[in-house]
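>>> from the sequence below, what's the structure:
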Amino acid sequence: MGLLTNLKDSISRVTDGLFAAEEPKRIGIYGPPNAGKTTLANRIARDWTGDAVGPESHIPHETRRARRKENVEIERNGRKVTIDIVDTPGVTTKVDYKEFLDHDMDKDDAVRRSREATEGVAEAMHWLREDVDGVIYVLDSTTDPFTQVNTMLIGIIESQDLPALILANKTDLPDSDVKQIANAFPQHETIPLSALEGENMDEVYTKIAEYFG
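As a prediction, the model looks like this:
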């Protein structure tokens, strides 16, 4: 009888361990257009899986649908976290087709792209309100962070009580000013990086494991 009881206990512990395994955390990469969100998503995915998430471009709103890279396992300093990267479209208050005409697009393509980008903004907001467990907020450190969009999104993130990591991207550029981003959102830690050049990614990965692990 004791043997049977021990066997049942052993099976129970194994099955409990299997079902107790945590699902990957869905981490949304958010920010305004052209902040370097997809560049960062690709950097993380390539470093840990060897694959990319999506195409990068200097043209605004290259990402017009959320893209997901699943089961990215990051380990730093004894901490391990498995995340699904959700690369979201850049959020803005208005998408004007005319901004695409400066990139050698004809009007029909520009109108189509602006329509898709507007739908992408709505999708990004849905993910933020319903489907992410944490946020990496990417800002271009060469531009003024005091905008309506940034204030609104940070407010929503805080109201959802989501863990958020703010990254001051593009530190490889001469006009980079990380301090202005840190001053804009002093309630959050700001991590400088260049996703394009891979600068300071070790600290980024340490913080990802710390914040979302």
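
>>> quick one: the helices in the protein, in order.
2-20, 37-49, 98-101, 107-126, 148-159, 178-184, 201-212 (DSSP state H).

>>> please produce TSV containing the ones you listed, extended by mean pLDDT.
Converted to TSV, these look like this (pLDDT from 0 to 100):
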stretch	mean pLDDT
helix 2-20	49
helix 37-49	95
helix 98-101	68
helix 107-126	73
helix 148-159	93
helix 178-184	97
helix 201-212	96
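
>>> can you put the ones you listed in a markdown table and add distance to K80?
(Each C-beta comes from the backbone N, C-alpha and C, glycine too.) As requested, the helices of the chain are exported to a markdown table (distance: least, C-beta to C-beta, whole Å):
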| stretch | distance to K80 |
| --- | --- |
| helix 2-20 | 15 |
| helix 37-49 | 11 |
| helix 98-101 | 42 |
| helix 107-126 | 28 |
| helix 148-159 | 24 |
| helix 178-184 | 28 |
| helix 201-212 | 7 |
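
>>> which of the ones you listed is buried the deepest?
Highest mean neighbour count of those: helix 37-49, a mean of 21 (counted as mean count of other C-beta atoms under 10 Å).

>>> thinking again about what came up before, which one of the helices of the chain lies closest to A66?
helix 107-126 (5.6 Å; C-beta to C-beta).

>>> out of the helices of the chain, nearest to V135?
Per C-beta to C-beta, nearest to V135 of the helices of the chain: helix 148-159, 5.2 Å.

>>> now do that closest one: everything it contacts.
Residues from elsewhere that reach helix 148-159, judged by C-beta atoms under 8 Å, 6 or more residues apart in numbering: 30-32, 91-93, 128-129, 135, 137, 139, 164, 184-185, 187-188.

>>> so the residue positioned nearest the centre of the chain bridges to which residues?
By C-alpha atoms, centre = their mean, the chain has its centre lying nearest to I29, at 1.5 Å. For I29, the beta-bridge partners are D87, I136 (DSSP bridges).

>>> got a list of what it touches?
I29 sits next to 37, 40-41, 85-88, 135-136, 138 when contact means C-beta under 8 Å, 6+ apart.

>>> per-residue confidence at E197?
Predicted confidence (pLDDT) at E197: the value is 97.

>>> re the thing from before, compare the contacts of helix 148-159 and tell me which has the most neighbours.
Y30 (30 neighbours; other C-beta atoms under 10 Å).

>>> contacting residues around it?
Y30 touches 37, 88, 91, 124, 128, 135-138, 153, 157, counting by C-beta under 8 Å, 6+ apart.

>>> so what pLDDT did it get?
So, for Y30, pLDDT stands at 93.

>>> hang on, E73 packs against W48?
Yes - E73 lies in contact with W48 (C-beta atoms under 8 Å); the separation is 6.4 Å.

>>> for A184, which non-adjacent residue is spatially closest?
P145 (4.2 Å; C-beta to C-beta, 6 or more residues apart in numbering).

>>> before we move on, back to that, format the contacts of I29 as TSV; extra columns: distance to N200.
As requested, the contacts of I29 are exported to TSV (distance: C-beta to C-beta, whole Å):
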residue	distance to N200
K37	17
L40	12
A41	16
I85	18
V86	22
D87	20
T88	22
V135	19
I136	14
V138	13
